[in-house]
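In: okay, sequence plus prediction incoming.
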Amino acid sequence: MKRTAIVLAILLLGAPPVPVEAGGWVSVSLDAFPEGVVKGAEQEVSFVLRQHGVHPVNGSRAELQFTHEETGEYLTVEATDTGRDGRYIARFSLPKADLWDWNVWTWARQHPMPALHVSFTAPAQPNTRVAPKAEPVGSFVNYGPAPELVATPFTVLGFPLLVASLLLGLRSRFALSLTRRRGHRTHAGWDTYVMQSRIRGLRSARRRLRAPPPRAAASPGRSHG
């Protein structure tokens, strides 16, 4: 048992380093789309691999796969890693004219590209769209699948905690608003009571001022004759 473990450890330590591609994805950006392709003529295409569409990646295996639409003839060409800026170069020559479907195969996935039209002879004025040197062409970018979601303590517990905190915040705001409303009603009722008491006092004083003075009572023992 110990010997088996030692042998496995030696094999793992001695294995050559390879790019980590499991669970990730890359985007493929062409520097220039190959136009004016002629039957039997060598053509060069260069592209950039970016991990998750952001970081340039070198050291990956990439190849071009061509399929003739009419005959189904299949052709593959290995791309060469330039070792800088995630750029790869491939040279190919297609033996038949007409349309060819093609893609860039890398990271165990196919990245389809627009079909190539191969002519018998070279056009009078070949039109080649060249991308700016600073940045690859954006119209021929093929992205891999979306990154897979990985369960982490934050993804498992973070969302419920966020919902609970939002509910507590809403409850606190509702309670504060209700307390303010009740306080406003209490002060308003007290002010109304005071005002009504003052009005009643003014009315009572006014009635006392309007009332006639009381008559004097007759003195006893005094006769009227």
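Out: Received it, and whenever you're ready, just let me know what you need.
In: could you pull out the helices for the chain?
Out: 2-14, 153-210 (DSSP state H).
In: need the least confident one among those helices, by mean pLDDT.
Out: Mean pLDDT values for the helices of the chain show the minimum at helix 2-14, a mean of 46.
In: R61 against R109, yeah?
Out: No - counting by C-beta atoms under 8 Å, R109 is not a contact partner of R61; they are 11.9 Å apart. Bear in mind the C-beta positions are built from the backbone N, C-alpha and C, glycine included.
In: what residues are bridge-paired with V118?
Out: Note on V118: beta-bridge partners by DSSP bridges are V37, D98.
In: could you pull up the residues touching it?
Out: Applying C-beta atoms under 8 Å, 6 or more residues apart in numbering to V118 gives the contacts V37, V38, K39, L94, K96, A97, D98, L99, W100.
In: most neighbours out of those residues, which is it?
Out: L94 (22 neighbours; other C-beta atoms under 10 Å).
In: isn't that residue up against V37?
Out: Yes - L94 lies in contact with V37 (C-beta under 8 Å); the separation is 6.6 Å.
In: what touches both of these two?
Out: Both L94 and V37 are contacted by Q43, L116, V118, under the criterion C-beta under 8 Å, 6+ apart.
In: now for the first one, how many residues are close by?
Out: The local packing of Q43 (other C-beta under 10 Å) involves 17 other residues.
In: list the contacts for it?
Out: Counting by C-beta under 8 Å, 6+ apart, Q43 makes contact with P34, V37, R91, F92, S93, L94.
In: with respect to H68, which of those is nearest?
Out: Proximity of those to H68 (C-beta to C-beta) peaks at L94, which lies at 8.1 Å.
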